[in-house]
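Visitor: What shape does this take:
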Amino acid sequence: MVDVYGALHFLEQHGSPVHHVLARYVMGGATSADVVAVLLPYQQADGGWAALNPDCPTAVSTVHCTWLALQYIRWISADNHAVVDRTAQFLAD
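Guide: Numbering: from 1, shown residues only. Below is the predicted model:
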């Protein structure tokens, strides 16, 4: 059996703020608005995303990190949030 609370505790100790809020969301302790609030600082002026995790560590928007942000937004069912429009524009350009 998976120790969900142990995993949550591990994320709280070793994960990023994004991982913390996503884990809380999955456990019912955060709303999609809470997750978006934590994600927003990672969206760059050009609409792309950067520095969400160690795989996209730079402060420059990348397609990889932008795709990851869209994945998180989809997981929390925030598809209609304004942040998606800016992200889509970055990918279209």
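Visitor: quick one: secondary structure of the closest residue to residue 24 other than its chain neighbours?
Guide: Leaving aside its sequence neighbours, residue 24 sits nearest to residue 30 (CB to CB, 6 or more residues apart in numbering; 3.8 Å). In this view, the C-beta of every residue, glycine as well, is placed from N, C-alpha and C. With DSSP: H, G, I helix; E, B strand; the rest coil as the basis, residue 30 sits in coil.
Visitor: And for residue 10?
Guide: helix.
Visitor: buried sites along the helix or strand harbouring residue 7?
Guide: According to DSSP states H and E, residue 7 maps onto helix 4-14. Within helix 4-14, the residues scored as buried using 16 or more other CB atoms under 10 Å are 8, 11.
Visitor: go on, stretch 10-29?
Guide: Here stretch 10-29 shows 11, 15, 18, 19, 20, 21, 22, 23, 24, 25 as buried, counting by 16+ other CB under 10 Å.
Visitor: Okay, and which of these map to helices?
Guide: Among those, the members found in helices (DSSP state H) are 11, 18, 19, 20, 21, 22, 23, 24, 25.
Visitor: what does the model give the first one for pLDDT?
Guide: Meaning residue 11. Here the pLDDT value assigned to residue 11 is 84.
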